[in-house]
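Engineer: Okay, predicted coordinates and the sequence, questions at the end:
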Amino acid sequence: MRVSGTSVWMCVGVLTVFGMLLFSAIPADSRRLTSSFCNTKDLRKVEARATAPRAQEVALAMKSELVRPGGIASARLFNRGESRAGYGVALRIERRVGGRWSLDPASPKGPWPKKLGRLDPGDLSTCFRFPVPDSQPAGQYRFTVSVQLDQKASHRSAVFQIRSN
């Protein structure tokens, strides 16, 4: 069976349009899951997004400080100190209500593996991701992750806003 060149180009055109429509139907925040923030190994790119004090050796940085319902909030720990640090893989999503932070009902519940991630000086953690439910109310939220530095346990947090669509 012989196929004309015009038929082949029509098929390519239809597949291209179909692919574009499929891609545009995926929410923009979901497409960014493989963004440079979550994939970079460049400490400076992540550190540039941190709001933590410079004196903090291990800090948590948000990909974006503004997230919409249905989007994904992403954060990474980074070690700008000179000592190795450990971190838990569990994360908490907290919401600020009436001037106080409390665990948000949408916060991931686990179960969490009993393992500690390791951050050598200059290292970045894996990307922590929180898929924001479509029904999530607008407000101020924060990621909170446990960290161990010099045999002392503490927490690191990074604040973000959820704004309605």
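Structural biologist: Yep, it's here.
Engineer: For this structure, give me the ranges with low pLDDT.
Structural biologist: 1-35, 52-55, 165 (pLDDT under 70).
Engineer: So which residue is smack in the middle of this protein?
Structural biologist: By CA atoms, centre = their mean, the mean C-alpha position of the chain lies nearest to Ser74, the distance being 1.1 Å.
Engineer: what's across from that one in the sheet?
Structural biologist: Beta-bridge partners recorded for Ser74 (DSSP bridges): Arg129.
Engineer: swap in Ala85?
Structural biologist: Each beta-bridge partner of Ala85 is listed here, defined by DSSP bridges: Leu119, Leu149.
Engineer: quick one: contacts for it?
Structural biologist: If a contact means CB atoms under 8 Å, 6 or more residues apart in numbering, then Ala85 has 57-58, 77, 79, 118-119, 147-149 as its contacts. The way it works is simple: take the backbone N, C-alpha and C, and place the C-beta from them, glycine included.
Engineer: okay, now Arg118: neighbour count?
Structural biologist: Arg118 sits with 13 neighbouring residues when counted by other CB atoms under 10 Å.
Engineer: the strands in this protein, which residues?
Structural biologist: Per DSSP state E, the chain has strands spanning 58-62, 66-67, 72-79, 85-97, 100-103, 116-119, 128-131, 139-149, 152-162. These are given in chain order.
Engineer: can you redo the ones you listed as JSON lines with distance to Lys45?
Structural biologist: Compiled in JSON lines, the strands of the chain are given as follows (distance: least, CB to CB, whole Å):
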{"stretch": "strand 58-62", "distance to Lys45": "9"}
{"stretch": "strand 66-67", "distance to Lys45": "18"}
{"stretch": "strand 72-79", "distance to Lys45": "10"}
{"stretch": "strand 85-97", "distance to Lys45": "19"}
{"stretch": "strand 100-103", "distance to Lys45": "28"}
{"stretch": "strand 116-119", "distance to Lys45": "16"}
{"stretch": "strand 128-131", "distance to Lys45": "16"}
{"stretch": "strand 139-149", "distance to Lys45": "18"}
{"stretch": "strand 152-162", "distance to Lys45": "15"}
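Engineer: shouldn't Tyr141 be in contact with Ile162?
Structural biologist: Yes: Tyr141 sits in contact with Ile162 when judged by CB atoms under 8 Å, with a separation of 5.9 Å.
Engineer: Comparing these two, which residue is more hemmed in?
Structural biologist: Ranked by neighbour count (other CB under 10 Å), Tyr141 and Ile162 place Tyr141 first, with 24 against 21.
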